[in-house]
Each structure stands twice: as structure tokens, then as C-alpha cells.
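1. any chance you can model this:
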Amino acid sequence: MIRKDTLYISDLDGTLLGKDARLSERTTKIISQLIDDGLLFTAATARSLSSVPILEKLRLRIPCVQLNGVLMYDFPKGQYTGCTPIDTESARSVIDVLRKHDRMSFVYKADDTYGIHVEFEKLTNDVERNFFEVRKDNDYKSFSRTEHITVSDDDKVIYFTMVDEYSRLSGICDELKLIPGVRPTLYSDNYSDMYFLEVFSSRATKALGMMRIKELTGAKRVVAFGDNLNDMEMLAQADVGIAVGDAAEQVRESADIVIGNSYEDAVALWLEEECR
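-> Model (predicted):
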């Protein structure tokens, strides 16, 4: 039986999606039917609007968390309903650290209607080049190469992201942790042997986004699914934190429940069993 008092929220890459970064037909069928039957289900992802075509297949009826909590997207309204930017001085401090290490990232800036523009100076490796090639022609964000990224008083910086080897990023991450007002996170890429380093406002997390949706829906409890280090706080704050079987070891060890592998439709199958 579907519990109408429970919010179910899942990470995408490495959790709900398969190894091809897509929703399987089985997962789509199971979760879409459960949502139609009244399941409160949504997603919390590091993706931005690139997640929308994926999630539209599920016919979500409640908002989802994007960019690890920076943005809130309302599917019924078809628009962003919330944005948590980095304050200007903190964004400039991040730029200074990255400049010192000669490792500038993609810098996301939002306008007043939440349109996203991404600036970058150079593409450092094949993963970043692929990241750019896949997204450069999309309607939901624009990209531009610039010789020297700066942050003006009018800029609304919402996100920094880069991909590289762990040894290249770990020291940078440690320095960024010393900057007030920002939250850096370092975690492995689901589709390569590289790591993502992402920086966003300390007021923006998947966990906080999850709790906003809980309040919005009136849910009494939350069940969260994840696989990577950027999911751990969300799983810890949920009433039930669930890791997929192929999650990072640290995530599995801290979860309340460990289920099957992401590429075997584990989240959908667990929900199907839960709602019988």
C-alpha cells in the first residue's frame, strides 16, 4: 500500500539511472504507475535542466532538487521556483583559489528568471570536453569560452564544477573548505575514473532541498536513495537512508538499508515491493 505520508526522493546518476545514464523501461513503468497511484516521488540530483527530459518520463507531480540543492524545479509549473546563489565575495574567493592552482572550473551564473549561463576558460581533459560537447547546444543553458573569468557585483554565481584526477583536486577542495559561505564536494564520476569537484552555497544542499519538499508536500517522513558522497547528508537526514548495492563503500556503510545495484532497477523494485 502506498504511504501517502511519505516522501521518496532519489539521486539520479548511479542510483536511479543505469550505466548508460538513462532510465530503463522497467524503472520508468514501475515508478510512473506508482506516481499515478499517489506516490510522493521526486529526485535530488547534481544535474540542472538536463535532468528534465529524463524525469518528464516519470510524470513527476512535485518539485525536484537540482545542482545539489542550488535550484528547485517545479514540474507541474514547468519552471524554477527557487535559487540559492553564492554571495559575491565568496565567489570571488573561490575564483582566487582556482586561479592560484591554475585550475579554473565551469562557472554557472543565473539571471533573474533562472536562465543559466556557463563560462569556462579551457577544457582540461576528455571528460570535460565531453561534458561541454553534450551540453553546448541545449536550450536550457548557454556556454561561452572567456579568456579570464571574473565575478561582477551584478553576477549571480550559483555553481562551480570541474572534473579531474583525485590527486589534482583534493588539495584544492581542502582550501575551498576554508572559504565562508561555500560548500565544496569531491566525489567520483559514475562514468569514468575521474572525480568531480563542485562548489555551491553552504545554504544549498540536497538535504535542505529534500526538507523543503517535505514541508511543501506535508509529508511526515522521508525515504532517500543515493550512491555517492554528495548523497550522504541527504541519506543521514532522511528517516530511512537507502544505498544501492554499487554505491561508494562509505555510503553503503552509513546507510540504513542497502538494496540491489542501480543498473538492475533496484530503486524501482524496492518501491514496488514497499507499496504492495
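2. avg pLDDT for stretch 247-257?
-> When pLDDT is averaged over stretch 247-257, the result is 97.
3. quote the end-to-end distance of that stretch.
-> End-to-end distance for stretch 247-257: 12 Å, by C-alpha to C-alpha, to the nearest Å.
4. roughly how far is it from the heart of the chain?
-> 18 Å (C-alpha atoms, centre = their mean, to the nearest Å).
5. which residues touch that stretch?
-> For stretch 247-257, the external contacting residues (C-beta atoms under 8 Å, 6 or more residues apart in numbering) are 14-15, 187-188, 226-229, 231-232, 235-236, 240-243, 245, 258, 262. Every residue, glycine included, has its C-beta placed from N, CA and C.
6. filter the residues you listed down to the buried ones, ChimeraX style.
-> Applying 16 or more other C-beta atoms under 10 Å to these leaves a buried subset, and the ChimeraX line that selects it is:
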select :14,15,187,188,226,227,228,229,231,232,235,240,241,242,243,262
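7. and the contacts of stretch 247-257, which of them are in strands?
-> Those of the contacts of stretch 247-257 mapping onto strands are 187-188, 226, 240-243, 258, per DSSP state E.
8. and those residues as TSV, adding distance to S201?
-> Below are the ones in strands among the contacts of stretch 247-257 laid out as TSV (distance: C-beta to C-beta, whole Å):
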residue	distance to S201
Y187	18
S188	23
G226	20
V240	27
G241	23
I242	27
A243	26
V258	31
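9. farthest pair in these?
-> Across the ones in strands among the contacts of stretch 247-257, no pair lies farther apart than S188 and V240, at 24.3 Å, counting by C-beta to C-beta.
10. tell me the spacing between the nearest residue to K177 once chain neighbours are set aside and I149.
-> Residue nearest to K177 in three dimensions, not counting chain neighbours: P184, with 5.8 Å by C-beta to C-beta, 6 or more residues apart in numbering. Per C-beta to C-beta, to the nearest Å, P184 is found 17 Å from I149.
11. check A238 too.
-> 36 Å.
12. ok, those two, which is more surrounded?
-> A238 (24 against 19; other C-beta atoms under 10 Å).
13. neighbours around P180, how many?
-> Other residues within reach of P180, judged by other C-beta under 10 Å, total 9.
14. what sits closest to the residue most central in space within the chain if chain neighbours are left out?
-> Taking C-alpha atoms, centre = their mean, the centroid of the chain lies closest to A46, which sits 1.7 Å from it. Leaving out its chain neighbours, the residue that sits closest to A46 by C-beta to C-beta, 6+ apart is N68, at 5.0 Å.
15. I'd guessed that neighbour sits against K206; true?
-> Yes. Counting by C-beta atoms under 8 Å, K206 is a contact partner of N68 at 5.5 Å.
16. between these two, which contacts overlap?
-> 44, 230.
17. does the residue nearest to A46 count as helix, strand or coil?
-> helix (DSSP: H, G, I helix; E, B strand; the rest coil).
18. ok, it - contacts?
-> Contacts of N68 (C-beta under 8 Å, 6+ apart): 44-46, 185, 198, 200, 204-206, 230.
19. mind listing which of these are in helices?
-> Of the contacts of N68, the ones assigned to helices by DSSP state H are K206.
20. out of the contacts of N68, which are inside strands?
-> 185, 198, 200.
21. who touches the first one in this structure?
-> When you say that, I think you mean T185. Per C-beta under 8 Å, 6+ apart, neighbours of T185: 68, 173, 196-199, 229-230.
22. list the beta-bridge partners for it.
-> Beta-bridge pairing for T185 (DSSP bridges): E198.
23. how much space separates it from E121?
-> Computed with C-beta to C-beta, the distance linking T185 and E121 is 22 Å.
24. same deal with the second one?
-> If you measure E198 against E121 using C-beta to C-beta, the figure is 17 Å.
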